[in-house]
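> give me the fold of what follows.
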Amino acid sequence: MARGRGSGAVVLVLLLLCVLLHGHAAQAAVFTVGDRGGWTFNSNTWTNGKRFKAGDVLVFKYDSTAHNVVAVNAAGYKGCTTPRGAKVYKSGNDRVTLARGTNYFICSIPGHCQSGMKIAVTAA
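Numbers count the residues shown, from 1 in each chain. Coordinates of the predicted model:
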């Protein structure tokens, strides 16, 4: 009889753990950069009024023959430059999970970043 009670407690703990883990994952939001317009020029104001959390996902939709997405540091964002070893996305439908802090993205095609094709996203 004591065995059955212990097994039930273990099952209950496992179920609670699954519910908690599922609840945490369900809190992540998915944002399409630029909304219906996608990742394009003058995207730098797209973040205005939005709140982001670490774990949220940004979806960059764009014409992969004309643009890209590069995850850069603050200096790369400010100077519109691609640091050595930066992650470059080229699919036209890229999903990037936000890290806590400020996440910087630019288009590295010449002139695009300077025309506002860059965003800085701060995730709490």
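> contact partners for Lys61?
Going by C-beta atoms under 8 Å, 6 or more residues apart in numbering, Lys61 touches Thr32, Val33, Gly34, Gly38, Trp39, Gly92, Asn93. (C-beta placed from N, C-alpha, C; glycine too.)
> now render the residues you listed as CSV, adding secondary structure, neighbour count and pLDDT.
As requested, the contacts of Lys61 are exported to CSV (DSSP: H, G, I helix; E, B strand; the rest coil; neighbours: other C-beta atoms under 10 Å; pLDDT from 0 to 100):
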residue, secondary structure, neighbour count, pLDDT
Thr32, strand, 16, 98
Val33, coil, 22, 98
Gly34, coil, 19, 96
Gly38, coil, 17, 97
Trp39, coil, 27, 98
Gly92, coil, 17, 98
Asn93, strand, 13, 98
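> closest one of those residues to Thr65?
In terms of C-beta to C-beta, no member of these lies closer to Thr65 than Gly92, at 8.2 Å.
> right, and that closest one touches Asp63 too?
Yes. Contact criterion C-beta atoms under 8 Å: Gly92 and Asp63 qualify, at 6.3 Å.
> now stretch 90-107, how far from the centre of its chain.
Offset of stretch 90-107 from its chain centre (C-alpha atoms, centre = their mean, to the nearest Å): 5 Å.
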